[in-house]
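S.K.: I'd like to go over a predicted model; first the sequence, then the structure.
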Amino acid sequence: MMSSGKQTVVRTRFAPSPTGPMHMGTVRTVLFNYLFAKNRAGVFILRIEDTDKERSLKEWEDDILENLQWLGLQWDEGPITQTQNYIGSYGPYRQSERTEMYQKYLKQLLEQGRAYWCFCTQEELDAQRQHQLSLGQAPKYTGTCRTLPSGKKDQYLNEGRSPVIRFAVEQKIIAFHDLIRGEIKFDTNLIGDIVIAKDLNTPLYNFTVVIDDFEMKITHVIRGEEHISNTPKQILLQEAFGFSRPTYAHVSLILAPDRTKLSKRHGDNSITRFRKEGYLPEAIVNFLSLLGWNPGTEREIFSSDELIKEFSIERVQKNPAIFNIQRLDWLNGFYIRKKDLPQLTKLCIPYLTARGEGSALEPIVALYQERLKKLSEIAELTDFFFQKNLAYPKELLYWKDASDADTKRMLDTLAQLLSSIGEGEWTKEKLAEIIMPQAEKQKNKGYMLWPFRVALTGKKASAGPFEIAHVLGKEKTLQRIQEAVARLS
RNA sequence: GCUCCCAUCGUCUAGGGGUCCAGGACGCCAGGUUCUCAACCUGGUAACACGGGUUCGAAUCCCGUUGGGAGCGCCA
């Protein structure tokens, strides 16, 4: 195991396969790896597991790289790349670029007789599995290729069968300590000889992980719960090579509200979708890290640096957590409210395309900063500022029991009052100073303020009328009131 | 079917034998503020899955039941 005298540097890795968009659940796993490594002043590695040539796509690798960058989860090591678009100067490790090394280890196993060529066909294996299932047994490989006479081998080759490489699984009890779950035991009797490579150039997952974790000196394997049952296979492989065993920590899954594994059928839960909708990386990081972990205090808000400082893997929850978007929304709103205006405006611009320049939009964004749950909402909330003609039913102008005539009279009074205010003193304070006394004369301020606000926005919910009138300017404000009057009677 | 994992408010969780007729947060409800919607403040609702042990004492330890989840590939 690990040397106890000198302190070993902690090394963790995130090892995704680029076969689809990066999900929220995946992000949480990365986060735990990242936080754990950083908390121990260790090294965090990114390894792209692209051994499946059919399913691995460059598009998805880019998706992973982009999102990690966006989230601020930078890896510390990797091959230096020429065309580096990412923070730092390291590219990711890619398993597709390491086949020679895997081959070396594969040959070693073959020579030692720890692995062998298996000639069984897909049909034979399927039949075997069906048979075992029908007997109520766990399906496992029980073929005889392990001890195949060499004559038979030639015969199969002549038949055109293409063999795979199987690892001869030793029958024993494998126990390992999991940082989150404690002792876990498996009887390898239930595991058949596993396929570790399709051929010498095509190694498979359970094999490559073991080699890479050793070669990259990974000390802690933090991964999803779905890998618990792979662990004994990997330990067996490690033992065959005499590799030291990393420490394991299996993180529970994130579940959809129906309590099943979060998947496509629960809608789009890709990190890219949340990014596009206008969730902030700090909100996602804060939210995900508290999904299944907390420092034992009543604190809810954490920056990345604070998370790094507080994080401990032992405090990670064993039971799976349900993805609860309302809490994410709340956190997102919190972080939006905390942004300074120029920064927030900049973030909103993509959602306000062709509606003006940055600084011109600031007053508008300011009115809605505390109403935003996600950035994308800014578009609909503020559309009335940019529309030439507002579309709303005239009934919307009525406050409570106010009649058409009442409302018209209110708007006329308002127009009169507003006209008296000079362009130069058109501030929300001045507007309130002139209008409020009149509004207060009504049975209820709503009789004047409601139609005022609706005339300006065409909406039943919005920011206050004075601040909106201020941003709109005198001319547009009066014009919108006239338009409202024209709708009545 | 087999193997493994899990089990506190609707949700995320605190709790690791007595200080818990269970605390916080989100949500929800009510009130305050308010022309509206947010934001903000105050209050409220709501949980130890069940059954056996162990113990003077159990949400906390053990066993079982039930329930949920994951895995059982020439995917990762």
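M.R.: Yep, it's here. Numbering: from 1, shown residues only, chains lettered A, B, ... in the order given.
S.K.: So A:K460 sits against A:V454, correct?
M.R.: Yes - using Cβ atoms under 8 Å, A:K460 makes contact with A:V454 at a distance of 7.1 Å. Quick note: C-beta positions are derived from backbone N, CA and C, even for glycine.
S.K.: Between the two, which has more neighbouring residues?
M.R.: Neighbour comparison, A:K460 and A:V454: the larger count goes to A:V454, with 25 against 10 (by other Cβ atoms under 10 Å).
S.K.: Name the residues of stretch A:25-44 that come out as buried.
M.R.: Of the residues in stretch A:25-44, those with enough neighbours to count as buried (16 or more other Cβ atoms under 10 Å) are A:25-40, A:42-44.
S.K.: and it, does that touch RNA strand B?
M.R.: No - with Cβ under 7 Å from any atom of the strand as the threshold, stretch A:25-44 lies outside contact range of RNA strand B, at a closest distance of 9.9 Å.
S.K.: average pLDDT for that stretch?
M.R.: Here stretch A:25-44 scores 97 as its mean pLDDT.
S.K.: and the residue nearest to A:L290 when sequence neighbours are not counted, how far is that from RNA strand B?
M.R.: Nearest residue to A:L290, sequence neighbours excluded (Cβ to Cβ, 6 or more residues apart in numbering): A:E300, at 7.0 Å. When distances are taken as Cβ to the nearest atom of the strand, to the nearest Å, A:E300 and RNA strand B turn out to be 5 Å apart.
S.K.: so where do the strands sit in the stretch 251-400 of chain A?
M.R.: For the stretch 251-400 of chain A, the strands identified by DSSP state E, counting those that start in this stretch occupy A:254-255, A:321-322, in order along the chain.
S.K.: Tell me which of those sits nearest to A:S134.
M.R.: Nearest of the strands of the stretch 251-400 of chain A to A:S134, taken as Cβ to Cβ: strand A:254-255 at 31.8 Å.
S.K.: about what we covered before: tell me both backbone torsions, phi and psi, for the residue nearest to A:L290.
M.R.: For A:E300, the backbone dihedrals (degrees, to the nearest 10) come out as phi -120, psi -20.
S.K.: What's the local residue count around A:N389?
M.R.: Counted with other Cβ under 10 Å, residues neighbouring A:N389 total 7.
S.K.: Which pLDDT value belongs to it?
M.R.: pLDDT, the model's per-residue confidence, is 91 for A:N389.
S.K.: give the contact list for it.
M.R.: With Cβ atoms under 8 Å, 6 or more residues apart in numbering as the criterion, the residues that contact A:N389 are A:E483.
S.K.: any idea how far RNA strand B is from it?
M.R.: Counting by Cβ to the nearest atom of the strand, the gap from A:N389 to RNA strand B is 21 Å.
S.K.: follow-up on the earlier one: just checking, which of the strands of the stretch 251-400 of chain A sits deepest inside the structure?
M.R.: When you average the neighbours per residue for each of the strands of the stretch 251-400 of chain A (mean count of other Cβ atoms under 10 Å), strand A:254-255 leads with a mean of 20.
S.K.: Give me the helices and strands touching that one, please.
M.R.: helix A:24-39, strand A:321-322 (3 or more Cβ pairs under 8 Å, 6 or more residues apart in numbering; DSSP states H and E).
S.K.: could I have the longest one exported to CSV, CA atoms only?
M.R.: Included here for helix A:24-39 are C-alpha records, laid out as CSV according to Å, rounded to 0.1, in the frame of the first residue of the first chain:
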residue,chain,number,x,y,z
MET,A,24,-25.1,17.2,-13.8
GLY,A,25,-24.3,13.8,-12.1
THR,A,26,-21.0,13.6,-13.9
VAL,A,27,-20.1,17.1,-12.8
ARG,A,28,-20.7,16.3,-9.2
THR,A,29,-18.3,13.4,-9.5
VAL,A,30,-15.7,15.7,-11.0
LEU,A,31,-16.3,18.2,-8.4
PHE,A,32,-15.7,15.7,-5.6
ASN,A,33,-12.4,14.6,-7.2
TYR,A,34,-11.3,18.2,-7.7
LEU,A,35,-12.2,19.3,-4.2
PHE,A,36,-10.6,16.3,-2.6
ALA,A,37,-7.4,16.8,-4.5
LYS,A,38,-7.2,20.5,-3.9
ASN,A,39,-8.1,20.1,-0.2
